[in-house]
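In: next one to model:
(2 chains)
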Amino acid sequence: MVKSKLVAFTVFFGEESYLLDREVQRGKGWPGRMVTYFDGSSTSESEIISALESQSFDGSEIAVIVDNAQKIKVGKEFEAYVAERKPKDVSSVLVAIYRKATITGVWAEAGRKGRLIEHKKYKPWETENIQKRLNKEAGRFGLTLSLDAFKVLQKIYGDNLQGAANEIQKMSFLVSKGGDITKDHVLSVCPRQITVMPWDVADAVSNKSLKQAMTFTSLLFRYMGDSASVPIVTSLMRQTERLLIGRSMLDQGKTKAEIGGALNMKPYTVEKQLLPTLRKHSREDLQTQMKKLCELEAQVKGSAHSKRTLVELAVHQFAA
Amino acid sequence: MLETVKGQDEGIQYLAKVVQGTFTSPLLLIGDEGVGKRFSVIESAKEAFKEEDPSTCSQCYKISQGIHPDLRIVYPEEGKDIKVGAIRDLLGTTGFYPSIAPYKYLVIDGADRMTSAAADALLKTLEEAPSSVRFFLLAEREEQVIPTIRSRCVMVRYRRLPEDFVVSALSQHTDDYAKALVYTRIAGGSLGRAVEYLGSGRLALRNQMLTILKMGPSKDLATLFPLVDNVKSDLPQGLRFLEQIVFDLVMLPHDPTRIINLDVFQDLKVLRGQLGSDRLTKLRHGLKTVLRRSKGNINLAFHVKSMMASVFA
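Out: I've put the predicted structure just below:
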């Protein structure tokens, strides 16, 4: 807390929870003040007022930190307290954390009387703001963040600023004070994450890319555990059904436009993506695959012992 | 009153004994939906609670209105099981004397749809039921009622109702005899189901399933699969209709009088010719597998599509 701007009420609001958490931690360790902490989900307005009006044992000034202020039922008692309280009287100060994007009512009023600070959660496309904030994070450790490093961080963490801020903190141990955080620093610190979705497995299976299909399957099981079985089977079912429709139409001599119409695809996509895939399958194979998927679904959603093995065997069989 | 219950002689016999007070054991009434299980229990309650003058009998009026304090019926919500809370509430009433009737009628309509906790909660009271309480458990599937409940009850089977009886009952709702006969047959001897089907125009769904089957020989999967998707939420019921259509196709050359879907006789004849015996056998086997699997949480539409694709390959 900056002493020169000290006022009776300081209200933080917004949805960037790591910044709000940081404010709570800073408030809890306020030097020279007796700090009382309340969680809004289990406190009332009268408890807060009584804490603000009490006196410390050693005569030190008082700070009351209220987290989750949006959960407190505030009534006339607190409204009257806020209205009567002089902003310059800092013998006891209230720091409220209001965890919502917008603030209204008595908390907004308290903020206006004192300080109202927003910690907005930026959208992924608000790149400039994200960059400013990450630069600020680097500045906390006396570092600067290069543009390349920022781009890599953004690619990995997107709008997860907490994750990016944690990485910057880690990098403060690598880079000497006043130094510049580079792309290499980021790559050496950040975990390499590969995002795999169930339909990636289905795509790899339909392209008969065995190695890729098995890799994606094992990655999904690593990230999701046994619960990956059902989404993988569902995506395989969807893909097989579409391929069977496409293949049967191709066998019947239907045009690209007709196939695209039936599968809701543009003729260009049919020609460039679907037809090469369809040519790798026969109608009989797809029918057998569909039949096996029915069995597999019943097993995976039933009480089969090793669902993962069943799914992996099926993926292997279909992609081979 | 009990004389209004038709076609369930065994059930009436037991319920009459309950009314006379010569039979106090819990009764487990097993039979299809809509064959008169609940109706007969309610009628027996009217008979048991009736006052001197039946025309001014307030007890019968309260039973008809569903507000009689000594007749409690527990049944599951749509698509759900009977929970332990509902059974505990019901059992909570056994500690009190009946309010206005000689004894309490406690009915569990869906004894095959109780959760295991609910069934367990019932056991003790069922074994040592207070003398002022009569228990009636109604179920469609005997095997779904846990053995410990079955062994504590006297089991009475409710048969499917005779065709003539259901047709004559349906004649109150429609003048068209042929239509009434078809609804009677697709309802499989269940008056309740026949009335429900008639009211909701279920033949439309049957026709949808027939269209799907007719599309099969064309091998046009791009048209066939969306037809299956259109049925989607009604597919469990649609499969039952499909089963009946397949039954008709099998029966057609042997005993046409037993055909269920009489109104589409000509369509069935054409379809029989198109399908042939091999495909029909495949279809029967495929349908059996899908119906067996449909008890689990599966993507039914996909299974039906797979079946159709392999039958009409």
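In: for the helix or strand harbouring B:F165, packing partners?
Out: Using DSSP states H and E, B:F165 sits within helix B:163-170. Applying 3 or more CB pairs under 8 Å, 6 or more residues apart in numbering or on different chains; DSSP states H and E, we find helix B:163-170 packed against helix B:177-186, helix B:191-200. All C-beta atoms are positioned from the backbone trio N, CA, C, and that covers glycine.
In: out of those helices, flag the one nearest chain A.
Out: Chain A lies closest to helix B:177-186 among the helices and strands packed on helix B:163-170, at 27.0 Å (CB to the nearest CB).
In: then the closest one to PDB, C-alphas only?
Out: Output of helix B:177-186 as PDB, limited to C-alpha atoms (Å, rounded to 0.1, in the frame of the first residue of the first chain):
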ATOM      1  CA  TYR B 177     -62.500 -49.800 -35.600                       C
ATOM      2  CA  ALA B 178     -59.400 -50.500 -37.800                       C
ATOM      3  CA  LYS B 179     -57.500 -47.700 -36.200                       C
ATOM      4  CA  ALA B 180     -58.500 -49.000 -32.700                       C
ATOM      5  CA  LEU B 181     -57.400 -52.500 -33.700                       C
ATOM      6  CA  VAL B 182     -53.900 -51.200 -34.800                       C
ATOM      7  CA  TYR B 183     -53.400 -49.200 -31.700                       C
ATOM      8  CA  THR B 184     -54.500 -52.200 -29.600                       C
ATOM      9  CA  ARG B 185     -51.900 -54.400 -31.300                       C
ATOM     10  CA  ILE B 186     -49.100 -52.000 -31.200                       C
END
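In: only the buried residues of the helix holding B:F165, if you could.
Out: Residues of helix B:163-170 classed as buried by neighbour count (16 or more other CB atoms under 10 Å in any protein chain shown): B:166-167, B:169-170.
In: then stretch B:96-116?
Out: Neighbour count says stretch B:96-116 has B:98, B:101, B:103-115 buried, by 16+ other CB under 10 Å.
In: report whether it contacts chain A.
Out: No. Stretch B:96-116 lies out of reach of chain A by CB under 8 Å from any CB of the partner chain, never closer than 16.0 Å.
In: now the end-to-end length of that stretch.
Out: Taking CA to CA, to the nearest Å, stretch B:96-116 runs 26 Å from one end to the other.
In: state the mean pLDDT of it.
Out: For stretch B:96-116, mean pLDDT is 87.
In: spatially central residue for chain B, please.
Out: In chain B, the residue lying closest to the centroid (CA atoms, centre = their mean) is B:E33, at 1.7 Å.
In: which residues of the stretch 1-150 of chain B fall in strands?
Out: Secondary structure of the stretch 1-150 of chain B (DSSP state E, counting those that start in this stretch): strands located at B:27-30, B:71-74, B:104-109, B:133-139.
In: quick one: strands adjacent to the second one?
Out: Going back to what we said before, that points to strand B:71-74. Using DSSP bridges, strand B:71-74 pairs in its sheet with strand B:104-109 (parallel).
In: so how far is B:Y105 from B:V133?
Out: Distance, B:V133 to B:Y105, by CB to CB, to the nearest Å: 8 Å.
In: returning to what we had before: for the helices and strands packed on helix B:163-170, give me JSON lines that also has mean neighbour count, distance to chain A and mean pLDDT.
Out: Below are the helices and strands packed on helix B:163-170 laid out as JSON lines (neighbours: other CB atoms under 10 Å in any protein chain shown; distance: least, CB to the nearest CB, whole Å; pLDDT from 0 to 100):
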{"stretch": "helix B:177-186", "mean neighbour count": "19", "distance to chain A": "27", "mean pLDDT": "85"}
{"stretch": "helix B:191-200", "mean neighbour count": "18", "distance to chain A": "28", "mean pLDDT": "84"}
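In: can you say which of those helices is nearest to A:E16?
Out: Across the helices and strands packed on helix B:163-170, A:E16 has its closest neighbour in helix B:191-200 (53.3 Å, CB to CB).
In: tell me the helices and strands packed up against that closest one.
Out: helix B:163-170, helix B:177-186.
In: do that again at 10 Å, thanks
Out: Counting contacts by 3 or more CB pairs under 10 Å, 6 or more residues apart in numbering or on different chains; DSSP states H and E, helix B:191-200 packs against helix B:37-49, helix B:163-170, helix B:177-186, helix B:203-215.
In: next, the angle helix B:163-170 makes with the third one.
Out: If I follow you right, that is helix B:177-186. Going by axes from the mean of the first three to the mean of the last three CA atoms, to 10 degrees, helix B:177-186 is angled at 120 degrees with respect to helix B:163-170.
In: the last one now?
Out: Direction vectors for helix B:203-215 and helix B:163-170, defined by the same axes, to 10 degrees, enclose an angle of 130 degrees.
In: return the residues in contact with whichever residue of the stretch 101-250 of chain A sits closest to chain B.
Out: The nearest approach of the stretch 101-250 of chain A to chain B comes at A:S248, 4.6 Å away (CB to the nearest CB). Going by CB atoms under 10 Å, 6 or more residues apart in numbering or on different chains, A:S248 touches A:254, A:259, A:262, A:278, A:283, A:286-287, B:219-222, B:224-225, B:309, B:313.
In: I appreciate the help and will end here.
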